[in-house]
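**Q** Coordinates only, no sequence provided:
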């Protein structure tokens with residue numbers, strides 16, 4: 001010490017430290033008030049920033065009070081330098097944690113706002129968090145006098161060894177980054193792989209992609225496999241799509257009448273059913289003279305992939321009811337059977353045989 005401690009030194013240091021604690025409490029109350037106002041805004045980024053500052057601001061006030069208290073005491077230059085370096089490193093460490101939380105929260109908020117889902121691409125969140133934390137730790141070490149040049153060199157050599165040992169993991173990591181950077185798949189998209197897996201993309205993390213199918217089960221797909229396989233994205237380039245429903249009517253039907261009735265049913269479904277595309281232009285296309293019917297395709301518009309099942313369900317019910325009311329028949333397949341006697345006699349004619357199974361209205365989806 002440069003001189004002996006006196007009561008006045010302790011009082012000044014105590015006042016400085018107490019002032020820092022009081023300022024921390026006031027800042028915490030202020031951050032809580034700002035958090036209530038931030039929650040009322042539409043942008044979620046301000047909630048992330050205020051939540052992060054709620055931890056940083058009080059600690060910064062306490063550290064500032066401790067720094068003032070230390071400067072008020074008659075410490076030697078060496079001890080004073082150690083105290084200042086320690087407090088500065090502690091402040092940098094807290095600021096680094098806060099910055100990592102803010103950056104990760106903002107990345108998550110941007111991903112959620114663009115995809116419209118609660119989940120986000122955590123691969124970018126994790127990468128940004130690791131980068132910010134690493135830079136903060138290096139700055140803190142440099143502040144306390146630790147040379148980071150040998151550490152960076154050691155990390156480079158060690159990173160090469162780790163890269164060789166974790167080839168598959170790194171392949172999945174870069175495959176996930178490539179998928180997100182190319183925007184071929186985003187969280188919230190409905191995809192179907194050539195191997196049969198399909199569902200909504202919930203998340204793309206550093207190793208695999210999580211897909212939730214319509215039965216609410218999660219399918220875990222490695223990013224490397226997702227990048228290599230053939231895939232259909234039913235959300236890109238737009239979420240709306242068309243579905244094709246195959247129908248058939250009897251040869252004695254008036255096709256003009258059939259077309260008018262069918263289009264009227266389609267318009268009703270598009271206007272009334274949840275998930276249908278009200279702006280879709282109904283279309284009917286006759287295409288086949290089948291064995292017992294004239295086949296045609298009805299084109300429906302849906303808002304997204306999972307809505308097609310509700311639209312098909314309601315359309316088939318309404319079409320069947322309307323056809324019955326209009327006297328339009330949907331014939332079952334028929335087959336004429338002739339029986340021959342074993343002694344070579346004349347064949348015995350029989351009535352046309354109707355199959356037991358009723359006709360099925362088939363449906364498939366397409367753009």
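**A** Now that the structure is in, tell me what you want to look at. Just so it is clear, the structure is predicted and the values come from calculations on it, not from any experiment. Numbering: from 1, shown residues only.
**Q** Now do the helices in the protein.
**A** All helices of the chain, identified by DSSP state H, fall at 7-38, 45-72, 77-115, 122-143, 149-165, 167-182, 223-228, 255-272, 308-326.
**Q** Which residues does the fourth one contact?
**A** In other words, helix 122-143. 85, 88-89, 92-93, 95-97, 99-100, 103-104, 107-108, 111, 148, 151-152, 173, 176-177, 180, 203-206 (Cβ atoms under 8 Å, 6 or more residues apart in numbering). Heads up, the C-betas are built off the backbone N, CA and C, glycines and all.
**Q** Mind telling me which of the helices of the chain the model trusts least?
**A** Among the helices of the chain, helix 149-165 carries the lowest mean pLDDT, a mean of 64.
**Q** so how many other residues sit close to the closest residue to residue 23 other than its chain neighbours?
**A** Take residue 23 and drop its neighbours on the chain: the residue closest to it by Cβ to Cβ, 6 or more residues apart in numbering is residue 61, 4.0 Å away. Burial of residue 61 is recorded as 20 neighbouring residues (other Cβ atoms under 10 Å).
**Q** Residue 61 against residue 16, yeah?
**A** No. Taking contacts as Cβ atoms under 8 Å, residue 61 lies outside contact range of residue 16: 11.2 Å.
**Q** returning to that earlier point: can I get the helices of the chain in CSV with distance to residue 234?
**A** Listed next are the helices of the chain as CSV, based on distance: least, Cβ to Cβ, whole Å:
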stretch, distance to residue 234
helix 7-38, 36
helix 45-72, 30
helix 77-115, 15
helix 122-143, 23
helix 149-165, 36
helix 167-182, 16
helix 223-228, 15
helix 255-272, 19
helix 308-326, 10
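**Q** And these: which comes nearest residue 216?
**A** Evaluated over the helices of the chain, closeness to residue 216 peaks at helix 308-326, with 14.4 Å, by Cβ to Cβ.
**Q** which residues sit against the closest one?
**A** So helix 308-326 is in contact with 241, 243, 245, 247, 249, 257, 261-262, 264-266, 268-269, 273-276, 298, 300, 302, 329-330, 361, 363, 365, going by Cβ under 8 Å, 6+ apart.
**Q** Buried members of those residues into ChimeraX, please.
**A** For the buried members of the contacts of helix 308-326, the matching ChimeraX selection, counting by 16 or more other Cβ atoms under 10 Å, is:
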select :241,243,245,247,249,261,262,265,266,268,269,273,276,298,300,302,330,363,365
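**Q** ok, back up a step: Throw together a PyMOL command that grabs the buried residues out of the contacts of helix 122-143.
**A** Filtering the contacts of helix 122-143 down to the buried ones (16+ other Cβ under 10 Å) takes a single PyMOL command:
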select buried, resi 88+89+92+93+95+96+97+99+100+103+104+107+108+111+173+176+177+180+203+204+205+206
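**Q** Geometric centre of the chain: which residue is closest?
**A** residue 187 (2.5 Å; Cα atoms, centre = their mean).
**Q** so how far is residue 200 from that residue?
**A** Residue 187 is 8 Å from residue 200, where distance means Cβ to Cβ, to the nearest Å.
**Q** before we move on, the earlier item: enumerate every residue touching the residue nearest to residue 23.
**A** 20-21, 23-24, 27.
**Q** ok, so of those residues, who is nearest residue 81?
**A** Nearest to residue 81 among the contacts of residue 61, with distances taken as Cβ to Cβ, is residue 20, at 20.5 Å.
**Q** what's the burial count for that closest one?
**A** 21.
**Q** Check the contact between it and residue 63; I expect there is one.
**A** Yes. Taking contacts as Cβ under 8 Å, residue 20 lies within contact range of residue 63: 7.4 Å.
**Q** Can you tell me how far the residue lying closest to residue 34 once chain neighbours are set aside is from residue 60?
**A** Spatial nearest neighbour of residue 34, chain neighbours left out: residue 50 (4.9 Å); criterion: Cβ to Cβ, 6+ apart. Distance, residue 50 to residue 60, using Cβ to Cβ: 15 Å.
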